[in-house]
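**Student:** sequence and predicted structure, then a few things I'm wondering about:
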Amino acid sequence: MSIFDTAPLLDALSAPLGALIAAVGRGVADAQREMDAASIAALEEIYASNQGLFLELQRIGYRPTWYQIPEVESELQIALTVTGGETTGSSATGTPRVRLYAAPVDAGYASRFNFSLQASSRVRFRIVPVPPSTATETLRVVPALVGLTLGDARTRLLALDLPATLPAAADTVLVTAQTPAPGTVLASGQTVSLTA
């Protein structure tokens with residue numbers, strides 16, 4: 001085999017056209033999931049913290065920005081090949097099958113049609129902020145309350161519109177435990193329980 005023989009490389013890079021398009025779609029879907037997960041992680045981090053800036057964000061009911069990939073433009077330089085064959089079946093002739101393959105432009109194709117040999121592609125996409133879904137408006141995330149006085153904890157829970165079960169103690173007593181943990185998304189009907 002010549003060192004300039006590109007056939008093995010082209011064979012390795014060839015794929016059914018449908019599989020190639022599906023792979024791009026899966027990549028976009030994976031990227032979108034990662035961005036959604038990052039928004040949720042930011043929300044959990046803010047509400048699990050007792051630091052000054054995060055406390056102010058909790059007070060105003062902050063929700064992180066959600067991002068979306070609304071458009072992906074893919075540009076692939078490929079040669080299309082058609083392969084065919086017959087499958088054996090109950091009939092004498094069988095059912096013809098045709099498959100469309102995409103492969104990088106090979107040397108013969110490049111010479112005949114004046115293409116340059118490449119095994120690369122260009123993908124362009126935009127990421128834009130989008131309004132959160134209406135479901136996120138009802139999200140309630142538990143703030144960090146341990147170490148606060150019972151009065152301060154009550155004030156914070158009221159500001160965030162969180163239902164709570166509080167111990168019968170003076171407002172100056174410190175909160176020593178809470179359930180659920182800070183950063184937890186409160187399920188419907190669930191309340192925050194404090195121990196002083």
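**Tutor:** It's in.
**Student:** so which elements touch the longest helix along the chain?
**Tutor:** If you go by DSSP state H, the chain has its longest helix at helix 17-47. Secondary-structure packing of helix 17-47 (3 or more Cβ pairs under 8 Å, 6 or more residues apart in numbering; DSSP states H and E): helix 52-59, strand 66-76, strand 95-104, strand 121-130. Every residue, glycine included, has its C-beta placed from N, CA and C.
**Student:** ok, now how distant is the closest residue to Tyr47 other than its chain neighbours from Pro163?
**Tutor:** Closest residue in space to Tyr47, ignoring its immediate chain neighbours: Val141 at 4.1 Å, by Cβ to Cβ, 6 or more residues apart in numbering. When distance is defined by Cβ to Cβ, to the nearest Å, Val141 is 13 Å away from Pro163.
**Student:** and the average pLDDT for stretch 171-187 is what?
**Tutor:** Mean pLDDT, computed over stretch 171-187, is 90.
**Student:** then stretch 52-59?
**Tutor:** 82.
**Student:** list the contacts of it.
**Tutor:** Glu45, Ile46, Tyr47, Ser49, Pro143, Arg156, Ala159, Leu160 (Cβ atoms under 8 Å, 6 or more residues apart in numbering).
**Student:** can you give me the buried ones in it?
**Tutor:** By 16 or more other Cβ atoms under 10 Å, the buried positions in stretch 52-59 come out as Phe54, Leu55, Leu57, Gln58.
**Student:** can I get these in TSV with distance to Ala29?
**Tutor:** As requested, these are exported to TSV (distance: Cβ to Cβ, whole Å):
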residue	distance to Ala29
Phe54	31
Leu55	36
Leu57	30
Gln58	32
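**Student:** identify the farthest-apart pair in those.
**Tutor:** Greatest spatial distance in the buried residues of stretch 52-59: Leu55 and Leu57, 7.3 Å, computed using Cβ to Cβ.
**Student:** what is the neighbour count of Pro182?
**Tutor:** Here the number of neighbours of Pro182 (other Cβ atoms under 10 Å) works out to 19.
**Student:** ignore what I typed, I meant Asn50.
**Tutor:** Count around Asn50 with other Cβ under 10 Å applied: 14.
**Student:** and it, what helix or strand is that in?
**Tutor:** Asn50 belongs to no helix or strand when assigned by DSSP states H and E.
**Student:** where's it relative to Ile60, distance?
**Tutor:** Distance from Asn50 to Ile60, by Cβ to Cβ: 16 Å.
**Student:** repeat for Arg124
**Tutor:** 37 Å.
**Student:** any stretches of the protein with poor pLDDT?
**Tutor:** Within the chain, the ranges that satisfy pLDDT under 70 run 1-17, 75-123, 125.
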